[in-house]
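J.: Structure of the sequence below:
(one chain, ligands or ions: 1)
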Amino acid sequence: MELNIVCIPGDGIGPEIVTEAKKVLDAVGEKFGHTMKYTDILMGGASIDVHGVPLTDEAIETAKGADAVLMGSIGGDTATSPWYKLEPNLRPEAGLLKLRKSLQLFANLRPAILYDELAGACPLKEEISKAGFDMMIMRELTGGLYFGERYTKEVDGKLVATDTLTYSEDEIRRIAIKGFDIAMKRRKKVTSVDKANVLDSSRLWRKVVEEVAKDYPQVTLEHMLVDNCAMQLVKDPAQFDVILTENMFGDILSDEASMVTGSIGMLASASLNDTRFGLYEPSHGSAPDIAGKDIANPIATVLSASMMLRYSFDLDKEADAIDGAVKKVLQDGYRTADIMPQEKEEAAAFKLVGCKEMGDLLTQRI
Ligand code: NAD
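T.: You can find the predicted model right below:
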């Protein structure tokens with residue numbers, strides 16, 4: 001199979017981590033007989049420096065012509081970089097928002113996995129963390145409160161601010177279908193999170209999710225109120241497989257879930273539209289503080305490449321090979337600085353490696 005992939009190295013550690021992810025993908029291609037065709041485009045600060053804008057129309061067209069996009073990260077030090085003296089619509093992040101909009105990416109997937117080998121980084125009590133967890137937070141990305149009508153006006157001499165939360169049944173149905181499709185590739189359980197005891201939009205959410213569930217008899221569906229879900233994530237995270245939720249709830253819950261893994265350099269993400277197309281990127285930012293030092297952890301980007309193989313190309317065996325290589329490298333005791341235990345005595349049991357070496361070690365294990 002030929003995989004037509006657009007890469008966005010971006011800024012900061014972006015180029016370093018994307019290089020390692022490509023190395024791992026090439027090893028997968030070699031092993032399973034696929035050809036990886038990469039085209040790089042500029043976005044973020046890298047594009048501002050060359051074109052004066054964070055994303056050109058040509059770059060968008062190139063991305064649209066690909067099967068999937070693999071991204072590093074964009075942005076610089078927001079306090080010191082000249083990119084942040086520009087108008088907001090010309091700053092690095094505006095490029096990413098424009099790309100998401102142009103590609104109509106409405107479904108955001110963020111896995112939160114606690115690897116046995118990194119359980120020490122989990123801030124939860126050991127009796128909870130020892131059960132491990134492996135969940136996928138599926139967040140609606142283009143509707144709800146963040147995109148509703150908003151205004152502030154004066155009423156009786158006092159300012160009153162209003163934000164509106166709107167969801168149509170079509171918007172809910174398309175994300176629900178994605179959620180159940182993803183659950184079919186996992187442990188076949190969907191927890192749909194809402195606030196149906198209060199919000200009309202949540203009651204419609206629940207109704208549509210139940211309709212969609214009828215087409216997936218193998219998947220177990222449960223409903224959970226968002227406040228309970230926030231508690232359950234720290235009390236018993238092992239119970240979750242796919243968490244399906246709307247935009248704002250997903251924003252908050254996905255950050256909470258990533259915190260309980262304790263390892264920012266390990267967290268992948270994907271944003272999908274209603275074709276097989278997706279944008280795959282690590283959950284972390286461009287880490288300008290460590291850029292160019294060969295110490296960044298490339299694993300979040302490598303795992304994003306694994307998600308790309310699984311969700312845009314249906315190459316499950318190939319994705320499993322990457323996930324397995326990550327597990328093996330951790331079992332073999334290799335750690336980048338961010339996932340090294342803080343205690344000197346504990347750290348002595350592990351081998352500290354840089355970004356490039358981590359990429360090589362993963363490649364060898366494909
Ligand atoms: P950040 O995630 O870049 O960094 C936070 C901390 O985590 C830093 O100490 C950094 O060194 C560390 N870190 C992050 N990724 C790491 C990795 N792979 N390996 C080892 N350590 C890692 O967040 P920030 O400092 O708030 O943001 C920096 C820039 O990134 C900003 O310009 C911000 O806007 C941008 N950003 C971009 C995206 C994106 O491209 N989607 C997402 C978040 C932030």
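J.: element containing the nearest residue to residue 161 once chain neighbours are set aside, please.
T.: Once flanking residues are discounted, residue 161 sits nearest to residue 152: 4.4 Å by C-beta to C-beta, 6 or more residues apart in numbering. Using the backbone N, CA and C atoms, a C-beta is placed for each residue, glycine as well. Following DSSP states H and E, one finds residue 152 within strand 150-155.
J.: Downstream of that strand, the next helix or strand is which one?
T.: Assignment by DSSP H and E places the next element after strand 150-155 at strand 158-163.
J.: Adjacent strands (with direction) for that next one?
T.: When pairing is defined by DSSP bridges, strand 158-163 lines up against strand 150-155 (antiparallel).
J.: mind checking how far the partner strand is from the chain centre?
T.: Distance of strand 150-155 from its chain centroid, counting by C-alpha atoms, centre = their mean, to the nearest Å, is 35 Å.
J.: related to what we said a few turns ago, what about the residue nearest to residue 161, how many neighbours?
T.: The number of residues packed near residue 152 is 9, by other C-beta atoms under 10 Å.
J.: correct me, but it touches residue 158?
T.: No: using C-beta atoms under 8 Å, residue 152 is not in contact with residue 158; the gap is 10.8 Å.
J.: Which neighbouring elements make contact with the longest helix along the chain?
T.: Longest helix in the chain, counting residues (DSSP state H): helix 14-32. For helix 14-32, the packing partners by 3 or more C-beta pairs under 8 Å, 6 or more residues apart in numbering; DSSP states H and E come out as strand 2-10, strand 35-40, strand 68-73, helix 299-311, helix 316-331, helix 355-364.
J.: Give me the angle between it and helix 355-364.
T.: 10 degrees (axes from the mean of the first three to the mean of the last three C-alpha atoms, to 10 degrees).
J.: tell me the mean pLDDT for helix 14-32?
T.: The pLDDT scores in helix 14-32 average 98.
J.: same check, this time on stretch 116-132
T.: Rounded mean pLDDT across stretch 116-132 is 90.
J.: and if you look at stretch 218-236?
T.: Rounded mean pLDDT across stretch 218-236 is 98.
J.: what about that stretch, how long is it end to end?
T.: 24 Å (C-alpha to C-alpha, to the nearest Å).
J.: For the stretch 251-366 of the chain, which residue gets nearest to the ligand?
T.: Using C-beta to the nearest ligand atom, the closest approach of the stretch 251-366 of the chain to the ligand is made by residue 285 at 2.5 Å.
J.: pLDDT score for the closest residue to residue 83 other than its chain neighbours?
T.: Of all residues not flanking residue 83 in the chain, residue 45 sits nearest, at 4.8 Å (C-beta to C-beta, 6+ apart). At residue 45, the model reports a pLDDT of 98.
J.: can I assume residue 45 is in contact with residue 78?
T.: No: in this structure, residue 45 is not within contact of residue 78 by C-beta under 8 Å, at 11.1 Å.
J.: of those two, who's got more company?
T.: Looking at residue 45 and residue 78 with other C-beta under 10 Å, you find the greater number of neighbours at residue 45, namely 25 against 13.
J.: The ligand contacts on this protein?
T.: 13, 73-76, 78, 93, 96, 264-265, 281, 284-290, 296-297, 300, 338 (C-beta under 6 Å from any ligand atom).
J.: number of nearby residues for the residue nearest to residue 164 when sequence neighbours are not counted?
T.: Spatial nearest neighbour of residue 164, excluding adjacent residues (C-beta to C-beta, 6+ apart): residue 148 at 3.7 Å. By other C-beta under 10 Å, the residues close to residue 148 number 15.
J.: Tell me how far residue 148 lies from residue 165.
T.: 6 Å (C-beta to C-beta, to the nearest Å).
J.: what number of residues lie near the closest residue to the ligand within the stretch 101-250 of the chain?
T.: Per C-beta to the nearest ligand atom, residue 108 is where the stretch 101-250 of the chain lies closest to the ligand, at 11.1 Å. By the measure other C-beta under 10 Å, the count of residues near residue 108 is 23.
J.: Just list the residues touching it, thanks.
T.: 138-141, 250, 254, 269-271 (C-beta atoms under 8 Å, 6 or more residues apart in numbering).
J.: same deal with residue 261?
T.: Counting by C-beta under 8 Å, 6+ apart, residue 261 has contacts 112-114, 118, 121-122, 267.
J.: swap the cut-off to 6 Å and go again
T.: 112, 114 (C-beta atoms under 6 Å, 6 or more residues apart in numbering).
J.: okay, it: pLDDT?
T.: 90.
J.: Tell me the buried residues in stretch 358-366?
T.: Using 16 or more other C-beta atoms under 10 Å as the test for burial, stretch 358-366 gives 358-363, 365-366.
J.: For the residue nearest in space to the middle of the chain, give me its contacts.
T.: Among the residues of the chain, residue 269 comes closest to the average C-alpha position under C-alpha atoms, centre = their mean, at 1.6 Å. Contacts for residue 269 (C-beta under 6 Å, 6+ apart) come out as 110, 281, 283.
J.: quick one, phi psi at the second one?
T.: I take that to be residue 281. phi -160, psi 150 (degrees, to the nearest 10).
J.: Hmm, residue 69 and it touching each other?
T.: No: distance between residue 281 and residue 69: 8.3 Å, which falls outside the contact criterion (C-beta atoms under 6 Å).
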